Structure formats: C-alpha cells, structure tokens
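Chemist: Using only what follows, build the 3D model:
(one chain, ligands or ions: 2)
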Amino acid sequence: MKLGVVADDFTGASDIALTLAEAGMTVAQFIGVPQDDADPTLGAGVVALKSRTAPLEQAIAQSVAACKWLLAQGAEQIILKVCSTFDSTPDGNIGQVLDALADLLGENSVIVCPAFPENGRSVYQGHLFVNDRLLSESGMQDHPLTPMVDADLRRVLAAQSNRDVAHIPAVVVQKGAAAIAQAMGATAHLITDAISDADLIEIGRAAKGAKLLCGGSGIALGLPANFNVTAQPPKWVAITGHGAVFSGSCSRATREQVARYDAPSLQIDAARAVSGEYNIAQIADWVMAQTTPPLIYSSADPEVVREAQTQYGQGVAAEAIEKLFAALAPALAERGLRRLVVAGGETSGAVVTGLGLRALTIGPRAAAGVPLVTAGGMALALKSGNFGGPDFFAETLAMMEREA
Ligand SMILES: Nc1ncnc2c1ncn2[C@@H]1O[C@H](COP(=O)(O)OP(=O)(O)OP(=O)(O)O)[C@@H](O)[C@H]1O
Ligand SMILES: O=C(O)[C@@H](O)C(=O)CO
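Modeler: Ligands and ions are numbered 1, 2, ... in the order given. Predicted coordinates for the structure are as follows:
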C-alpha cells in the first residue's frame with residue numbers, strides 16, 4: 001500500500017476512494033479498522049470511520065488506530081479525509097484529530113484543503129465557498145449536527161487545534177508546485193487555497209513525500225501521479241433485483257432529490273422514531289412488496305429538524321433515526337434486497353454498520369464524489385448529503401443494473 005486514507009465518515013470515504021480509483025490506483029474501502037492485513041497488491045486503502053461527530057476521545061483513538069494500521073500495511077502518505085464543507089464544531093473533531101495524526105507521524109507542516117471544485121467547493125483567501133456562497137450562507141449553517149456558521153477556515157481550524165494555523169494563498173498556489181512546496185516550510189496547519197482542479201494537482205505535486213495531508217476528496221487528485229499510476233475507469237458487473245432508497249440527510253440537494261423521486265415512500269417522523277413506534281419487519285415487508293424501489297426518508301426542512309432537536313436534544317432524534325435505518329437495512333438484506341441507495345454520511349455509516357459489512361469494492365461513478373460500490377452481493381451507493389443531481393436516486397438505481 002502506498003497511500004492510506006483515514007476518512008471521518010462513510011460517504012466521504014467512498015468519495016475519495018472513487019478519486020483514487022479513477023486515477024488508476026487499486027483501492028479498497030474498509031469499514032472501521034480491519035483486524036487483518038490488507039491485500040498486498042492494493043495501492044491505496046481507505047479506512048471509513050464514523051468519527052465526524054463521535055465524542056472527541058473516541059474520534060482521536062479510532063483515527064490513530066486507523067493510521068497505525070495503514071502504516072503497518074506500508075502506506076507512505078496518509079490523508080485525513082474530512083468533508084468538503086469542513087463539517088465540525090468548535091469542540092472538534094477535525095483539528096484535534098489532525099493534531100493527533102501529525103504528532104504520530106512527526107509532521108510539522110500539514111496542508112489542509114477541503115476544495116472539491118467539481119462539486120462547487122473552493123477555498124479562496126482562506127474562506128470556503130459552496131458555489132458562489134460562503135459556507136456559512138450555503139445551507140450548511142442549518143446542518144443538524146455540525147452547523148457551519150463561519151466560512152473562514154483559519155478561524156474554524158484554530159478553534160479546534162493546539163497548533164498554529166497559517167495560510168497558503170491562491171497567488172502562491174497558482175505559481176505551482178515549487179512555490180507551494182516552499183510555503184510548506186512553515187510549522188503550522190496550512191489552510192491552502194484551491195479554486196480549480198489544476199490548483200489541486202499542483203498541491204498534490206508539491207506534497208510528494210509529505211507524510212500527512214488533510215482535505216476533501218479533491219486533495220487526492222494530484223497524489224496518485226506521485227506513485228506512477230495511470231488513470232482507468234473502474235468496472236461494474238450489473239446487479240438487478242429489489243431496490244430501495246434510504247434518506248436520512250437533511251441537506252438541500254437531498255431534499256430536492258427526495259421531492260423529485262417518483263416512487264412509493266414512507267416518511268420517518270423523528271418523534272415516532274424516538275418513541276420506538278416503528279415496526280422494522282413490517283416496513284421491510286412493505287418495501288419488498290413494491291414494484292418500484294421505494295423511498296424511506298426522514299429528510300426534513302431545517303425548521304422541522306430544529307423542532308425535533310428542541311424537543312429531544314440534538315443527538316437523540318438523530319440517533320433514533322440512524323438506529324432505525326441500521327435495523328432496516330439487514331432486515332431488507334435478509335429478504336433479498338439487492339440495490340440500495342443511501343443519502344447522508346451519518347446515515348450511510350449506520351446502514352453499513354447495520355449490514356455488518358467489512359469492506360466495499362469501488363465501482364464507477366454514479367455522480368461526482370459518489371461511486372457505485374459492492375459488498376456481500378449487494379450494490380450500494382453512499383451519497384453525501386449535498387452531492388448528486390436532482391434525479392440521482394432513479395438514475396443510480398438504473399445504473400446499478402447496467403454493466404460498465
Ligand atoms: N427529521 C429529522 N430530525 C432530526 N434529525 C434528523 C432528521 N432526519 C435526519 N436526521 C439526522 O440528521 C443527520 C444527517 O446527517 P447525515 O450525515 O446522514 O446527512 P448529511 O450531513 O446531509 O450528509 P453528509 O454528511 O454526507 O454531507 C443524521 O444523524 C440523521 O439521523
Ligand atoms: O467531502 C464531501 O463533501 C463528502 O465526501 C463528505 O464527506 C460528506 O459527508
């Protein structure tokens with residue numbers, strides 16, 4: 001293994017696994033830290049954690065364990081994969097986890113760049129933009145778990161880290177790899193501007209030999225070339241049969257996808273989930289009785305989410321809903337479900353854990369940042385909340401049925 005990734009959620013893990021696979025690396029996504037060694041022919045390994053909103057000590061311990069396992073597999077460079085919208089709170093977990101990994105790897109200077117231009121995320125003057133909006137006005141200010149109310153990443157990271165935070169501005173990045181490498185001499189976490197894939201490729205060239213980087217999947221665009229691999233699209237063997245869509249994401253793009261998806265649907269109500277009113281076996285039977293893959297969703301507008309959080313506390317409603325999806329997924333797998341689209345990183349984490357999966361094989365892209373994946377004979381797509389076009393659900397379920 002050359003490249004190792006510690007990913008703070010499951011959709012984020014498949015997002016960066018796709019970038020690495022498309023660049024020609026043989027890559028596998030592991031669910032949690034594996035007990036055994038990886039296939040020695042792998043070029044890259046992505047360990048998917050559910051650490052983005054986990055209690056801090058747990059997030060640090062899991063990330064350090066993942067990093068140590070990757071190093072033991074031979075990884076020469078580690079990426080801490082975080083959300084392209086830098087999802088975190090002043091309590092963590094990005095800064096503190098990054099400090100712990102930098103300590104472990106003995107790295108003084110770490111590039112931090114969540115830019116993902118293909119999905120509209122750019123970093124300019126140290127600020128994160130989603131399309132033409134500052135992060136804090138992009139809808140992310142209403143996120144149920146990690147509301148992002150400040151777009152200045154230098155400030156956001158400084159609040160979470162014991163190390164100095166400095167900035168590599170676009171004027172330096174645009175001069176190319178040599179100028180970036182020179183700026184990397186500073187002893188600090190380095191929020192690095194990037195507004196295009198070309199910027200990210202120069203950052204990747206400059207980071208040849210760096211032991212640690214932190215970013216969204218865009219940070220991986222320029223890294224595989226340092227390991228002499230050639231790009232080739234991942235392959236797909238068609239998977240047909242019963243399908244379903246789970247949506248626990250309340251992000252803007254997902255809410256539009258939910259509204260657009262024309263199929264039988266069941267809306268999960270937070271209050272009923274908290275009081276344990278849903279009968280999993282009954283819902284599973286209903287899903288399998290449908291001829292069009294049905295939608296089970298808790299996705300709701302910010303006011304509805306806020307009301308549930310005020311009533312039960314922030315974590316309680318989220319956890320009850322995640323538990324429901326985590327129980328429903330294996331109930332459906334037992335009944336023969338073959339295709340499952342899941343919207344939302346935390347939700348995907350709950351589902352994949354509920355299914356008891358250990359590793360995912362990465363297929364071709366369903367959308368920017370979202371690969372088709374297979375595990376246990378099932379086709380899955382784990383979609384980040386704000387990724388995918390309006391008809392992502394129907395298009396992805398159809399794509400799973402076609403060879404590629
Ligand atoms: N109606 C609701 N009320 C309260 N919380 C909800 C509701 N629906 C979903 N949630 C919770 O909100 C969280 C949404 O996070 P999730 O990571 O799944 O989506 P996302 O943040 O949009 O996706 P990503 O992290 O990939 O960008 C989950 O913990 C989910 O259980
Ligand atoms: O970087 C992103 O936006 C995604 O891969 C993700 O991590 C969302 O959960």
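Chemist: The helix or strand encompassing residue 329 - what's its average pLDDT?
Modeler: Assigned by DSSP states H and E, residue 329 belongs to helix 314-334. Helix 314-334 shows a mean pLDDT of 96.
Chemist: tell me which strands and helices that helix is in contact with?
Modeler: strand 243-247, helix 270-274, helix 280-289, helix 302-312, strand 339-343, helix 345-354 (3 or more Cβ pairs under 8 Å, 6 or more residues apart in numbering; DSSP states H and E). Glycine gets a C-beta too; all of them are placed from N, C-alpha and C.
Chemist: Lowest average confidence across these, which one?
Modeler: Among these, helix 302-312 scores lowest, with a mean of 92.
Chemist: quick check, the least confident helix or strand in the chain by mean pLDDT touching ligand 1?
Modeler: None of the helices or strands of the chain scores lower by mean pLDDT, DSSP states H and E than helix 302-312, at a mean of 92. Yes. Helix 302-312 lies within reach of ligand 1 by Cβ under 6 Å from any ligand atom, at 304-305, 308.
Chemist: which outside residues touch that helix?
Modeler: 142, 144, 250, 270-271, 274, 300, 317, 320 (Cβ atoms under 8 Å, 6 or more residues apart in numbering).
Chemist: Among those residues, name the buried ones.
Modeler: Buried members of these, scored by 16 or more other Cβ atoms under 10 Å, are 142, 144, 250, 270, 274, 300, 317, 320.
Chemist: Confirm for me that residue 112 is in contact with residue 214.
Modeler: Yes. Using Cβ atoms under 8 Å as the test, residue 112 is close enough to residue 214 to be in contact (4.5 Å).
Chemist: Common neighbours of the two, please.
Modeler: 98, 189.
Chemist: Tell me the residues of the stretch 151-300 of the chain that contact ligand 2?
Modeler: Counting by Cβ under 6 Å from any ligand atom, the residues of the stretch 151-300 of the chain near ligand 2 are 216-217.
Chemist: Tell me where the stretch 151-300 of the chain has helices.
Modeler: For the stretch 151-300 of the chain, helices defined by DSSP state H, counting those that start in this stretch occupy the ranges 153-158, 170-173, 177-183, 197-206, 252-260, 270-274, 280-289.
Chemist: Dump these into JSON lines; add distance to residue 393 as well.
Modeler: Listed next are the helices of the stretch 151-300 of the chain as JSON lines, based on distance: least, Cβ to Cβ, whole Å:
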{"stretch": "helix 153-158", "distance to residue 393": "32"}
{"stretch": "helix 170-173", "distance to residue 393": "36"}
{"stretch": "helix 177-183", "distance to residue 393": "39"}
{"stretch": "helix 197-206", "distance to residue 393": "27"}
{"stretch": "helix 252-260", "distance to residue 393": "6"}
{"stretch": "helix 270-274", "distance to residue 393": "21"}
{"stretch": "helix 280-289", "distance to residue 393": "14"}
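Chemist: need the contact list for the residue nearest to residue 2 when sequence neighbours are not counted.
Modeler: Nearest residue to residue 2, sequence neighbours excluded (Cβ to Cβ, 6 or more residues apart in numbering): residue 227, at 4.6 Å. Counting by Cβ under 8 Å, 6+ apart, residue 227 touches 2-3, 25, 43.
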